[in-house]
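A.B. asks: Sequence first, then the predicted structure:
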Amino acid sequence: MLPYDLQLPEQPEDGAPLVVLLHGRGSDRHDLARLHAYLPAGTMLVTPEAPFPAAPWGYGPGSAWYRLESEGVPDEATFGESLDALRSFLSELSGVLPAEPGSLTLGGFSQGGTTSIAYALVHPGSVSGVVNLSGFVPVHPLVRVTAGTVAGTRFFWGHGTADEAIPFALAERGRRALTAAGADLTAHDYPMGHSVSPDELGDLSAWLLELSRSPAGRRAARGDIP
């Protein structure tokens, strides 16, 4: 099982929303733990560590979900391995949580957002929501954006218009693909680079609260994870 951090409400209850957030390249599982404060009351937050060391690829001191081949195109092998590792991790989560989760939202920043989008598309209906903070829809043989792969999942996509690492053009391309497939997409743009802003966290908090109250957000997660 991937190493992880767990942030819990004071009294976890069965049916509590479960949010799994994936860090960006070169960071680690501790990076997004602070976002627990922006999640709906009662939410359980899990932040796993990516499976690859980032330093050999020049990505920094932490970990990475994949090696990037070119703009919008992750390395086929390492990306596939991370999707497999994430699938195994999610399937084992219910056994380590103090309460049975009620819904699963998967998301992350940069590489974490990209991996989350891909996972939801490769395993349609496995998550209620996807949070993509400055990631992209990857070009990969496993990833297909179709009516069937987006059905039943809601997407939040926040992106900086001056993003120097993952250009805003990739956000526009990915959003067009999701929208054309009929995805339930909420998109927000921010005057920032490759980062997360207070305004974005406010929008995300409101979206997560609305999701937790929706029929999709109340769907049981244990049976949904493939």
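C.D. replies: Structure's in. What do you need? Numbers count the residues shown, from 1 in each chain.
A.B. asks: and Ser212, what pLDDT?
C.D. replies: Looking at Ser212, its pLDDT stands at 88.
A.B. asks: What residues sit buried inside stretch 98-108?
C.D. replies: Within stretch 98-108, the residues that count as buried by 16 or more other CB atoms under 10 Å are Ala99, Pro101, Gly102, Ser103, Leu104, Thr105, Leu106, Gly107, Gly108. To be clear about C-beta, it is placed using only N, CA and C from the backbone, and glycine gets the same treatment.
A.B. asks: Near the residue nearest to the second one when sequence neighbours are not counted, how many other residues are there?
C.D. replies: Just to be clear, that refers to Pro101. Nearest non-adjacent residue to Pro101, counting by CB to CB, 6 or more residues apart in numbering: Leu18, 3.6 Å away. Neighbour count for Leu18, taken as other CB atoms under 10 Å: 24.
A.B. asks: and Leu18, how far is that from Pro40?
C.D. replies: Leu18 sits 11 Å away from Pro40, taking CB to CB, to the nearest Å as the criterion.
A.B. asks: pLDDT weak spots in this protein?
C.D. replies: Where the chain drops to pLDDT under 70, the residues are 215-226.
A.B. asks: can we see that at 80?
C.D. replies: The model of the chain has pLDDT under 80 over residues 214-226.
A.B. asks: Which parts of it are helices?
C.D. replies: 76-93, 111-122, 147-150, 168-180, 198-213 (DSSP state H).
A.B. asks: Can you tell me which of those is most buried?
C.D. replies: helix 111-122 (a mean of 27; mean count of other CB atoms under 10 Å).
A.B. asks: relative to helix 198-213, how tilted is the longest strand seen in the chain?
C.D. replies: Taking DSSP state E as the criterion, the chain has its longest strand at strand 101-109. Inter-element angle recorded for strand 101-109 and helix 198-213: 160 degrees (by axes from the mean of the first three to the mean of the last three CA atoms, to 10 degrees).
A.B. asks: which neighbours does strand 101-109 have in its sheet, and in what orientation?
C.D. replies: Strand pairing for strand 101-109, using DSSP bridges, gives strand 16-22 (parallel), strand 129-133 (parallel).
A.B. asks: With just CA atoms, put that strand into CSV.
C.D. replies: These are the backbone C-alpha positions of strand 101-109, laid out as CSV (Å, rounded to 0.1, in the frame of the first residue of the first chain):
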residue,chain,number,x,y,z
PRO,A,101,-16.9,6.0,3.7
GLY,A,102,-20.1,7.2,2.0
SER,A,103,-18.6,8.7,-1.2
LEU,A,104,-15.2,9.0,-2.9
THR,A,105,-13.8,12.2,-4.4
LEU,A,106,-10.4,11.9,-6.0
GLY,A,107,-8.2,14.9,-6.9
GLY,A,108,-5.0,16.6,-6.6
PHE,A,109,-2.6,19.4,-7.8
